[in-house]
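Chemist: Sequence plus the predicted model coming up.
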Amino acid sequence: MQDEIEALRQEVRHLIAMNTASYVAITSLVATHPNPQQLHLHLVMALEGVLGSERLARWTDDQKAIVRKVVETFQHVQPAAPIDPLASAMGDRDPRQTGR
């Protein structure tokens, strides 16, 4: 019995780690999406579609609230500044900079 309990604990730890990794990746995708307004609209539509689906009909209110809270969190992610590797590498020597 102890082995089964420890196996379940390990499974929960793995699920938490996987969820955290997914959260980090999705947050980055949201922050770098080329059209944040379209993404936010899609998130709202997808959220309502999923929460109203038969698949989630048996889920508890707590589970549905967690889904809503996580998706709404992604809606508050601000667009990231553009990344320019050449400017980062070249600094003041970047040939695209004029007047230097």
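Modeler: Noted; the coordinates are in hand.
Chemist: For Ala87, what is the enclosing helix or strand?
Modeler: helix 85-90 (DSSP states H and E).
Chemist: what do you get for Ile26?
Modeler: Here Ile26 is assigned to helix 2-31, by DSSP H and E.
Chemist: So, low pLDDT: which residues of this protein?
Modeler: Scanning the chain for pLDDT under 70 picks out 98-100.
Chemist: list the contacts for the residue positioned nearest the centre of the chain?
Modeler: Residue closest to the average C-alpha location in the chain (Cα atoms, centre = their mean): Ile26, at 2.6 Å. Neighbouring residues of Ile26 by Cβ atoms under 8 Å, 6 or more residues apart in numbering: Phe74. C-betas here are computed from N, CA, C, even on glycine.
Chemist: switch to numbering from 26
Modeler: Will do, 26 is the new start, and the previous item becomes Ile51.
Chemist: how much space is there between it and Arg118?
Modeler: 36 Å (Cβ to Cβ, to the nearest Å).
Chemist: what's the answer for Gln62, then?
Modeler: 37 Å.
Chemist: Check Gln103 too.
Modeler: In terms of Cβ to Cβ, Gln103 sits 31 Å off from Arg118.
Chemist: How about His65?
Modeler: His65 is 39 Å from Arg118, by Cβ to Cβ.
Chemist: Which one of these two is surrounded by more residues?
Modeler: Taking other Cβ atoms under 10 Å, His65 and Arg118 do not tie; His65 has more neighbours (16 against 9).
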